[in-house]
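Novice: when you get a sec, could you give me coordinates for this:
(chains A and B)
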Amino acid sequence: MNSPPHFICTPFSLMACQGLASGETLKSLKAESETLRKKLEEERKKLHDVELEKVAEKAEALGELNMKTRRTLKGHGNKVLCMDWCKDKRRIVSSSQDGKVIVWDAFTTNKEHAVTMPTTWVMACAYAPSGCAIACGGLDNKCSVYPLSLDKDENLAAKKKSVAMHTNYLSGCTFTNSDMQILTSSGDGTSALWDVESGQLLQSFHGHSADVLTLDLAPSETGNTFVSGGSDKKANVWDLRSGQNVQSFDTHDSDINCVKYYPSGDAFASASDDSTCRLFDLRADREVSIYSKDSIMFGAASVDFSLSGRLLFAGYNDYTINVWDVLKGTRVAILFGHENRVSSLRVSPDGTAFCSGSWDNTLRVRQEGRGVGRELKQGGTTLYG
Amino acid sequence: NQQNMTSNSNVSNMRRLVEQLKLEASLERIKVSQAAAELQQYCHQNAAKDALLVGVPAGSNPFREPRSCNLF
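Specialist: This next block holds a predicted model:
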């Protein structure tokens, strides 16, 4: 009598049994994935009827920019790795390699709070929407929340709350639309959504095949998604509620260090070690612009848009900040001043200023120096200190 | 046996990939010309309020006011 063949009953082999029963094999699945990939490429190509730069030829040319440094924040003893603005448009939180996290009043340059983390390389920090707390983390693999008290003598570390736990370094963190939830990205290849009060993991996001280096939440008007970028050269868009990876872009040639949504939420920009920044439109589902020059040979670390989305500020490992015309794809200014890599860059909540953090241990707050009402003129690239 | 386990996990990984690609392929897309026009329109509609583009209105810029004197 023939006895049935033995199978090792694991969940995988059970699934495989089911698959095999319906005619699927590894080979047929591979073929199906190839067909789908080709179909995706074709669909995207069909809709690529014009370049963004061509459409933007009709746009008004930008006048010469006159960016001025208004404040230099000195006080970190080591590389500034990350910074974030408070919604009040005046306070800034910054974190550094030596474990220090500082809250500044950017108007006065006073340090309002300082915390020493029990870890070096605090790669991520964020201000809570209420302005009453900050979140930070790095090589400790955690994201911790510190409530800020009005009493400057109070020991912030005493009230510290550990919220997120990853299995590798924390690369990014942001509060969602309230102080109650935090979204984190990690060197462990995942992103995650956490409840601040309980520390509970609400949702995790799997799909990157290497470190996740950056994330950005979509503007609240556009719904519940976020974009992440990684060492796998991919930028992925995720549904916050379902955990689903809804869109993926893989045109960069190296690590993506930073991603930021366009203010309307319909697109996002990326900064990469391949020395380019790119613009991806979410509804066209493709890269629509690349901001690069042969003379720019160092990695781009951080990007942010001006309020209208017309300007893209990008900080590089060659110590400069390049300002790009988002529509026309041209560079409109190079900003000097930092004496080491620009690691972090953010426009203020009302768009009146932007702040850059650097490995030179300082932060700089800059504004456009022209008065309002001056006519826009034709301009080329301008160099400013 | 080991080989069986590996090939079984490969099948489930592949299946996951196929499902992911099906999801991405089913996305409704618009033409780049339309997307570009809308990006441009957003820029245009908001340009006047963009202080990094046009400058900060005089008299309402706290970064230009003299800093408070710190005696300590």
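
Novice: tell me the secondary structure at residue A:92.
Specialist: Local secondary structure at residue A:92 is given as strand here, using DSSP: H, G, I helix; E, B strand; the rest coil.

Novice: let me fix that, I meant to ask about residue A:324.
Specialist: Residue A:324 - assigned by three-state DSSP - is strand.

Novice: please report how far it lies from chain B.
Specialist: 12 Å (CB to the nearest CB, to the nearest Å). All C-beta spots, glycine's among them, are computed from the backbone N, C-alpha and C.

Novice: output the below-cut-off pLDDT ranges for chain A.
Specialist: A:1-23, A:152-153, A:371-385 (pLDDT under 70).

Novice: quick one, helices of it?
Specialist: A:11-21, A:26-46, A:52-55 (DSSP state H).

Novice: what sits up against the second one?
Specialist: In this case it means helix A:26-46. A:19, A:284-286, B:7, B:10-11, B:14-15, B:17-18, B:21-22, B:24-25, B:29 (CB atoms under 8 Å, 6 or more residues apart in numbering or on different chains).

Novice: residue B:7: what secondary structure?
Specialist: On the basis of three-state DSSP, residue B:7 is classed as helix.

Novice: burial measure for the residue nearest to it when sequence neighbours are not counted, as a count.
Specialist: Excluding the flanking residues, the one nearest residue B:7 by CB to CB, 6 or more residues apart in numbering or on different chains is residue A:26, at 6.6 Å. Residue A:26 has 17 neighbouring residues, counting by other CB atoms under 10 Å in any protein chain shown.

Novice: over to residue A:251?
Specialist: Quick note: residue A:251 (other CB under 10 Å) scores 16 neighbours.

Novice: ok, it - contacts?
Specialist: A:278, A:287.

Novice: now it. Its backbone dihedrals?
Specialist: phi -90, psi -10 (degrees, to the nearest 10).

Novice: ok, now how distant is it from residue A:39?
Specialist: 18 Å (CB to CB, to the nearest Å).

Novice: what does the stretch 251-385 of chain A put close to chain B?
Specialist: A:262-264, A:266-267, A:281, A:283-286, A:288, A:306-311, A:313, A:326-327, A:347, A:350-354, A:365, A:367-372, A:374 (CB under 8 Å from any CB of the partner chain).

Novice: could you report the neighbour count for residue A:248?
Specialist: For residue A:248, using other CB under 10 Å, the count is 18.

Novice: to clarify, my last question referred to residue A:340.
Specialist: Residues lying near residue A:340 (other CB under 10 Å) number 14.

Novice: how far is stretch A:332-352 from where the chain is centred?
Specialist: Mean C-alpha position of stretch A:332-352 versus that of the full chain (CA atoms, centre = their mean, to the nearest Å) differs by 15 Å.

Novice: with stretch B:28-48 instead?
Specialist: On CA atoms, centre = their mean, the centre of stretch B:28-48 falls 14 Å from the chain's centre.

Novice: which parts of it are buried?
Specialist: The neighbour-count check on stretch B:28-48 (16 or more other CB atoms under 10 Å in any protein chain shown) flags B:29, B:32-40, B:42-43, B:46-47 as buried.

Novice: before we move on, the earlier item: put the buried members of the residues of the stretch 251-385 of chain A next to chain B into a ChimeraX selection.
Specialist: A single ChimeraX command selects the buried members of these (16+ other CB under 10 Å):
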select /A:262,263,264,266,267,281,283,284,285,286,288,306,307,308,309,310,311,313,326,327,347,351,352,353,354,365,367,368,370
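
Novice: what about the residues of the stretch 251-385 of chain A next to chain B, which are in strands?
Specialist: Counting by DSSP state E, the part of those found in strands is A:267, A:281, A:286, A:288, A:311, A:313, A:347, A:354, A:365, A:367, A:368.

Novice: now distance to residue A:204 too, for the residues you listed, in CSV please.
Specialist: Output for these, formatted as CSV (distance: CB to CB, whole Å):
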residue, distance to residue A:204
A:267, 26
A:281, 27
A:286, 27
A:288, 30
A:311, 35
A:313, 32
A:347, 30
A:354, 32
A:365, 36
A:367, 40
A:368, 41
